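>>> have a look at this prediction, sequence included:
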Amino acid sequence: MDWALIQGIGRFVLATTLLLLLTIPTAFIVIQIELKVIAGMQLRYGPNRVGPWGLFQSTIHGFKVLAKEDTIPDQADRVSFTIAPWMVFMAAAMSLLVVPFAPGAIAADFSIGVVYFFAVLGLSVVGLLVAGWASYNKYSLLGGLRSAAQMVSYEIPLTLSVVGVVILTGSLSFSAIIAHQLAHGWNLFWQLPLGFPIFYIASLAEINRTPFDMIEADSELVAGPFTEYSGMRFGFFFFAEYVALFIMSSIMVALFFGGWLAPWPFPGQLSGFAGTLYGIFWFFLKTYLFVFIAVWLRTTLPRVRVDQLMGTAWKVLLPLSLINLFLTAIAVVVFNL
Amino acid sequence: MTRTAEPDPRIRDPIDLERVEEDRLRAVAGLAPAPRTGTEYAGFDLVGIPDRPPETEREREMFTLEEGEMLVNMGPQHPSTHGVMRLVAKVRGEVIVDIDPVLGYLHRGIEKLCENATYTTVLTYVDPMDYLSTMHNEHAPAIAFEKLFGVKAPRRAEYIRALVVELNRVFSHGLMIGFLALDMGGITPILYSFINRDEIVDLLSAISGQRMLFNFFRVGGVNWDVNDEFLSRLGTWHSRALKTVTDNERLITENEIFKARTKGMGALSGQQAIDHGVTGPNLRASGVPFDVRKAHPYSIYPELEFEVITQQSGDVYARYLQRIAEIKQSMHLIDQIMDRMPHGAVQTQVPGIIRPKPGRAYAAIESPRGLYSVYAISDGGPNPYRFRMRDPSFISLQVMPLLMPGHLLADTMAVMASIDPVMGGVDK
């Protein structure tokens, strides 16, 4: 067999294994950040018993979920009830494949990475809908249908706002987009008035974060599609949600905030192994900054209502993202970017 | 386990126990497949609505489903219903067609308990009724029994009563604001409210010895006097208490999402509110200036300076603003009470077991949820012959079927939180 092919397969297997291993610790870290930050903002101590400063609280939560009884409701559709958590979790895990961590640290640097990312992340809505339908519970059903309506609607302004970036950089590959930002400065400056705000709002809706956490709105729908789930099946939904928050923040960083680039031009990027470490440092710093902001929003804002949510998507964000597309195209021609 | 006794025809038993048992035995013996669900036999559909002929016009209207409608059962084990309350909502998609509060999950027979207790111990039984306004619960029976027995509390006792009652009102309204935000997904205001509540409860426990069911009022006075240390702590609290309220206000009042969700939501007109007997902040938020403290003055309220606050629109936002305004008003009242607190005894002499002359007495007070009143009849014995309480949240809850149709399921909890029912008081 061709040596290069074997090498490629080996690299792919190694990368996917590493990414799968990365998901659960990432979820733990994001949950821990959420527990601690929310506690701080609400003038509470937060977790402080497990490990120093309660650092292992979310890990213990993870093991607790493993140890819990796994029940399936009597009248649930067993097959789809069982696979729904996997669909949601795998959608999040698979989209990690194109996340640009650092130069040389992208699992698969597709030339159509952006398209792949939004296609795969959008699959999670199928899992949520299946979970809601299979649970045989009215709250689950309402939650599942809400998730379908919400995520499908918000995918349109989300992707349209990314098209602005694609026009600006002329590429669908994440590494090329970041390379373009090294040369021309962060895309944020060109997308600040419209593109970035639209992307940010739509991304919060896409990953079901407050103020758009319609799907599991606990004061209305108990836990939405997750109502009937327990044990590790619930754990998969839970982890998927937090992994999705991390991934969406990282994609936001890659598209608008220069990805692994340092915030100043010299040295924006180092070469070799040092460059990888340097890139990973800046990447994680920026990504967790956005995770922090998402948590901040959660403590501050109430939830919008489901009809206001849909109205915002179709009446405000969609026209604005089209305008953004138009203005970006004009800017590219006028300023010869 | 077959039933041998003749079933009481008055009690409707939806479960055919013999058939259930027979099928179970057959399934155990392997003669029949195991029954798939318990609901098949139980005579209930899946939301627990009795599968029986409707008895009243209202039941027929509520439980008759048209094409595309379904019943959603919220509670009594729903994460956000206030206490153990159940709302049966008839929905078309997510739009509510009709809604029916189902009460009685917390019924403890407090009125009957009180009728079997002596007049002094009644004041301990009424505590857990409306568990967020315990001081108010004790205030009305104390006034009623004083009228029955013909004693008057000393002036210092009256001032202390007004003081603790207003303190109670501050944290009760504060919690309503927090729960309202919580039911809309804002998770922070409730914690600020509880910080505020904790400080007040610390103060109240310093004079009453308890943190929740204070048991502070006595017939003819109050249990303990306040000392200078308490008053200085109260002054310290007063100087910074408005800060937590202001913090919450900055989180909520001008929040665009909050305003978009609450303005025009669940609007109750003044006439509707009067028709349904709604009182308290909910009534005043609809523009009707009725406050028991002004309309039927009791205790020392005629001596204090305050105005009846009203809002105009009667929607959820107005009810929220009304609570904020009343918190500030109560703080102002506490200021006046602290200034004018007289010296003297806090308890008149009453015998250990009070035996009032036969007669009847009525006392109404303004609780944080509205007009809370007590009607007591004495037959000359050591305990009340009849003891009746009008709980305001029971009555304000009845406007839910009026407010909700046409709104979304998502707004149910917001509207309910704005009405601010406490199930302990509703079910008594």
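Structure's in. What do you need?

>>> going forward, measure contacts between C-alpha atoms and count neighbours the same way
Noted.

>>> up against chain A, what does chain B have?
B:36-37, B:72, B:78-80, B:94, B:181-188, B:191-192, B:251, B:255, B:257-258, B:261, B:409-413 (CA under 8 Å from any CA of the partner chain).

>>> for ChimeraX, write the select line for the buried members of these.
Selection of the buried residues among the residues of chain B next to chain A in ChimeraX, burial being defined by 16 or more other CA atoms under 10 Å in any protein chain shown:
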select /B:72,78,79,80,94,181,182,183,184,185,186,187,188,191,192,251,257,258,261,409,410,411,412,413
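
>>> which phi and psi values does residue 197 adopt?
Answering for chain A, as no chain was given. The phi and psi torsions at A:Pro197 (degrees, to the nearest 10) take the values phi -60, psi -40.

>>> hmm, no, I was thinking of chain B.
Per degrees, to the nearest 10, the backbone of B:Arg197 is at phi -60, psi -40.

>>> show me the contacts for the residue of chain B found nearest chain A.
Nearest to chain A, among the residues of chain B, is B:Gly186, at 3.9 Å (CA to the nearest CA). B:Gly186 is in contact with A:298-303, counting by CA atoms under 8 Å, 6 or more residues apart in numbering or on different chains.

>>> so A:Leu20, which of the three states?
helix (DSSP: H, G, I helix; E, B strand; the rest coil).

>>> which residues does it contact?
Counting by CA under 8 Å, 6+ apart, A:Leu20 has contacts A:Ala93.

>>> if we use 10 Å, what do you get?
A:Leu20 makes contact with A:90, A:93-94, A:96-97, according to CA atoms under 10 Å, 6 or more residues apart in numbering or on different chains.

>>> ok, and the most crowded of the residues you listed?
Counting neighbours by other CA atoms under 10 Å in any protein chain shown, A:Leu96 comes out on top of those with 29 neighbours.

>>> what's the helix or strand for the closest residue to A:Leu145 other than its chain neighbours?
Leaving aside its sequence neighbours, A:Leu145 sits nearest to A:Leu129 (CA to CA, 6 or more residues apart in numbering or on different chains; 6.3 Å). With secondary structure defined by DSSP states H and E, A:Leu129 is part of helix A:124-134.

>>> centre of the chain versus that helix, how much separation?
Distance, stretch centre to chain centre, for helix A:124-134: 18 Å (CA atoms, centre = their mean, to the nearest Å).

>>> next one: stretch B:302-311
The answer for stretch B:302-311 is 23 Å, by CA atoms, centre = their mean.

>>> swap in stretch B:320-329?
On CA atoms, centre = their mean, the centre of stretch B:320-329 falls 18 Å from the chain's centre.

>>> using CSV, list the CA coordinates for that stretch.
The C-alpha trace of stretch B:320-329 is given here as CSV (Å, rounded to 0.1, in the frame of the first residue of the first chain):
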residue,chain,number,x,y,z
TYR,B,320,-43.6,43.9,38.9
LEU,B,321,-43.3,47.7,39.1
GLN,B,322,-45.9,47.7,41.8
ARG,B,323,-43.9,45.4,44.0
ILE,B,324,-40.8,47.5,43.5
ALA,B,325,-42.7,50.6,44.5
GLU,B,326,-44.2,48.9,47.5
ILE,B,327,-40.8,47.7,48.7
LYS,B,328,-39.6,51.3,48.7
GLN,B,329,-42.9,52.4,50.4
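
>>> which of the residues in stretch A:48-61 are buried?
Result for stretch A:48-61 [16+ other CA under 10 Å]: buried residues A:54-59.

>>> hmm, back to that, and for the residue nearest to A:Leu145, the neighbour number?
23.

>>> which ones are touching it?
Counted by CA under 10 Å, 6+ apart, A:Leu129 has contacts A:84, A:88, A:140-149, A:225.

>>> need those residues in CSV with secondary structure and neighbour count, can you?
Below are the contacts of A:Leu129 laid out as CSV (DSSP: H, G, I helix; E, B strand; the rest coil; neighbours: other CA atoms under 10 Å in any protein chain shown):
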residue, secondary structure, neighbour count
A:Ala84, helix, 26
A:Val88, helix, 28
A:Ser140, helix, 29
A:Leu141, helix, 23
A:Leu142, helix, 21
A:Gly143, helix, 29
A:Gly144, helix, 28
A:Leu145, helix, 21
A:Arg146, helix, 24
A:Ser147, helix, 28
A:Ala148, helix, 19
A:Ala149, helix, 17
A:Pro225, helix, 34
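
>>> closest to A:Thr23 out of these?
A:Val88 (12.9 Å; CA to CA).

>>> chain neighbours aside, what residue packs nearest to that closest one?
Closest residue in space to A:Val88, ignoring its immediate chain neighbours: A:Ser124 at 4.4 Å, by CA to CA, 6+ apart.

>>> please name the residues that touch the one you found.
A:84-92, A:130, A:147-148, A:151, A:206-207, A:237, A:240-241, A:244.

>>> list phi and psi for the closest residue to B:Gly370 other than its chain neighbours.
Leaving out its chain neighbours, the residue that sits closest to B:Gly370 by CA to CA, 6+ apart is B:Gly280, at 3.3 Å. Backbone torsions of B:Gly280, given as degrees, to the nearest 10, read phi 80, psi -160.

>>> right, and B:Gly280 touches B:Pro421 too?
No. Using CA atoms under 10 Å, B:Gly280 makes no contact with B:Pro421, being 11.7 Å away.

>>> which residues do those two both contact?
Shared contacts of B:Gly280 and B:Pro421 (CA under 10 Å, 6+ apart): B:369, B:392-393, B:396.

>>> identify the farthest-apart pair in the residues you listed.
With CA to CA as the measure, no two of the shared contacts of B:Gly280 and B:Pro421 lie farther apart than B:Arg369 and B:Ser396, at 8.4 Å.

>>> quick check on the closest residue to chain B within the stretch 201-337 of chain A: phi, psi?
Nearest residue of the stretch 201-337 of chain A to chain B: A:Pro302, at 3.9 Å (CA to the nearest CA). Dihedral pair for A:Pro302: phi -80, psi 180, per degrees, to the nearest 10.
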